[in-house]
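*Asks:* Structure, please.
(one chain, ligands or ions: 1)
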Amino acid sequence: MSQTASEHMNPGELSFRPFAREPTIQTIAIIGAGFSGTLVATNLLQMEHPRALRILLLDRGEIGRGVAYASRPYPYLLNAPIGRMSATSTDPLEFLKFIQRDLPPATANDFVPRELYGDYLQWKLQRADAASPSHVRLVRIQGSATAIEQTPSSFRIRLADGRMLATNTIVLALGNPPPARLPAAESVRGSSRYVEDPWPTPPNFEPGESVLLAGTGPTMADVAIAGNESAGGRAVIHAISRHGLIPARRTDFRTSDDQVGDPAPLTQPPLSIRRLFRLTRELCEQAVQSDRDWRGTISRLYAIAPTLWHELPEHERRQYLRHVRVYWDALRHRLPPPTWSAIEELRANGTLRVHAGRLIAMQIAGKQIRVRWRPRGERTERMLEVGRIINCTGPDYDLRNTPNRLLHSLFTRGLAVPDPLGLGLLTDEFGALRGASGRAVGDLYFVGPLRCADHGDTTEIQELRAHAEDLARHLATRRPRHVRSL
Ligand SMILES: Cc1cc2nc3c(=O)[nH]c(=O)nc-3n(C[C@H](O)[C@H](O)[C@H](O)COP(=O)(O)OP(=O)(O)OC[C@H]3O[C@@H](n4cnc5c(N)ncnc54)[C@H](O)[C@@H]3O)c2cc1C
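*Replies:* Below you'll find the model as predicted:
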């Protein structure tokens, strides 16, 4: 089907007219068109479908970008090199080829702005849409889904502007939740000097301004660099987290490093966090001793992490969350070398001061916010005065008290349940949501980072890509229960 023929639905245009004439058409609605949702749609468009298929691709923002790959005033870098960012498992260098069309000298080891990755996703979707057969149609819809209702024969999606969508199957691809509310920030919530989520508004610091960033992970690194630049290089930035750990630096993309250390011993029983921690350290040390890159060991471990996570008993999972996750995150979610070097430079010249400790309380004091905090391992509290505070603690996967209306509607209807350990949603092997009964709800799926309850860490594109491909294959080969009833 040609791109011009693909449908873009505007408010008021939503109708189910074609379904009445085509009773056997199957409709799959994908809510969220960031990386995961766009890839499910793209893969579906590229597959064989025996029956007519309509794919409704819905997003409240721009289709094909999501939070990570949105167009932004600052050129934030991808955290993995071009050679690791293909959105297609069958063509590992597809993203490189896409980039080389405009930048022929680019190599697999280069790091490019995230916005270019959004261009790539949009290009993939457009190309798949243009090449799809006439009985497969893509409908792009702009709108925000606020509730899902299950009728005996289908689902209905309610949008914020009052529109309703009927569909046989729903794929939720809602992305990462916003950061958790900082308990210490209760008294400053609502103040223009406190930013609860760093991504909707670009960091805009004033020259000479003192800023506190809560969190020391990749979000902090992005905000510190972009914010300091907005202040003409004259900001004073404090960053604080419990351990004060800055993510490790990425090294060059060498496939041989992925073969460092045989991770087989890790999968052998007894599976305990203490043993896994010890074995991982040993494997990294062996890598260093044989003059190879220890990061290859971490990448290799990452590949088997879902299996390990699946096998771990609940009390061991709790041990991991309490004691190990913070170290794993700092090793696994590494910074691109230019970002890492910029952070090192900001630290060396005193612009960025990293603290290990706990935020206790905040209070507005004129144009400043007064912050009480306690350094790690100390009893005495300290005080900081800053002009602005930004919550950079990263996504909060604990959905038990989520303010998200759509998820809340699913929980109240028993169509989904939050993970009791605070790791997203409970799903089965294809991402079908488990409802209140514990069984998978037919025809209602989730794809994206919130599948971490069943897969452990599910944030980077390599595993999300695999999930999107698996889900599209599953949707294309199974017959939904309600195909005739819309
Ligand atoms: C800032 C940032 C940078 C990252 N950088 C990298 C990187 O460099 N490399 C890497 O491998 N991973 C990176 N990640 C990890 C990231 O999780 C994945 O790469 C990927 O973007 C997640 O895709 P997603 O589709 O699940 O979520 P998103 O891409 O965020 O998409 C979710 C979409 O759902 C839409 N949506 C949500 N709720 C609704 C609703 N109710 N109605 C309608 N639409 C809705 C949103 O508008 C959004 O477009 C980054 C993550 C972040 C947050």
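*Asks:* Flag the shaky bits of the stretch 251-400 of the chain, pLDDT-wise.
*Replies:* Residues of the stretch 251-400 of the chain meeting the criterion pLDDT under 70: 252-263.
*Asks:* In it, which residue sits nearest the ligand?
*Replies:* Using Cβ to the nearest ligand atom, Pro395 is the residue of the stretch 251-400 of the chain that sits closest to the ligand, at 6.8 Å. Every C-beta, even on glycine, is put in place using the N, C-alpha and C of the backbone.
*Asks:* what do you get for the stretch 51-200 of the chain?
*Replies:* Closest contact between the stretch 51-200 of the chain and the ligand, by Cβ to the nearest ligand atom, is at Gly66 (2.0 Å).
*Asks:* Tell me the spatial nearest neighbour of that residue, not counting adjacent residues.
*Replies:* Nearest non-adjacent residue to Gly66, counting by Cβ to Cβ, 6 or more residues apart in numbering: Gly34, 2.0 Å away.
*Asks:* Now do the one you found against Pro104, distance only.
*Replies:* The gap separating Gly34 from Pro104 is 29 Å, by Cβ to Cβ, to the nearest Å.
*Asks:* The two: who's more crowded?
*Replies:* Each of Gly34 and Pro104 has its neighbours counted (other Cβ atoms under 10 Å); Gly34 has more, 26 against 7.
*Asks:* Kindly report the residues of the stretch 101-250 of the chain close to the ligand.
*Replies:* Within the stretch 101-250 of the chain, the residues that sit near the ligand (Cβ under 6 Å from any ligand atom) are 114, 144-145, 173-176.
*Asks:* what's the farthest-apart pair in those?
*Replies:* Arg114 and Ala145 (24.7 Å; Cβ to Cβ).
*Asks:* Just the buried residues of the longest strand along the chain, please?
*Replies:* Ranked by residue count and defined by DSSP state E, the top strand of the chain is strand 352-365. Neighbour counts over strand 352-365 (16 or more other Cβ atoms under 10 Å) mark 352, 354-355, 357, 359, 362 as buried.
*Asks:* tell me the contacts of the residue of the stretch 51-200 of the chain closest to the ligand?
*Replies:* 32-38, 118, 175 (Cβ atoms under 8 Å, 6 or more residues apart in numbering).
*Asks:* Let's verify it: helix, strand, or coil?
*Replies:* With DSSP: H, G, I helix; E, B strand; the rest coil as the basis, Gly66 sits in coil.
*Asks:* Over to the one 4 residues further on?
*Replies:* State at Ala70, reduced to three classes by three-state DSSP: coil.
*Asks:* For Ala264, the count of nearby residues, please.
*Replies:* Residues near Ala264, counting by other Cβ under 10 Å: 8.
*Asks:* which ones are touching it?
*Replies:* Applying Cβ under 8 Å, 6+ apart to Ala264 gives no contacts.
*Asks:* Likewise for Asp222?
*Replies:* 74, 76, 198, 339.
*Asks:* which stretch of helix or strand covers it?
*Replies:* Assigned by DSSP states H and E, Asp222 belongs to helix 218-230.
*Asks:* could you point out which element follows that helix?
*Replies:* strand 236-241.
*Asks:* domain assignment for the chain?
*Replies:* 3-76+113-177+398-477, 183-247+335-391, 255-332 (automatic domain parsing).
*Asks:* Quote the end-to-end distance of the second one.
*Replies:* Okay, so that is domain 183-247+335-391. Counting by Cα to Cα, to the nearest Å, you get 11 Å between the two ends of domain 183-247+335-391.
*Asks:* May I see the buried residues of stretch 426-433?
*Replies:* 426-427, 430-433.
*Asks:* for stretch 75-90, same thing?
*Replies:* Those would be 76-88, for stretch 75-90 by 16+ other Cβ under 10 Å.
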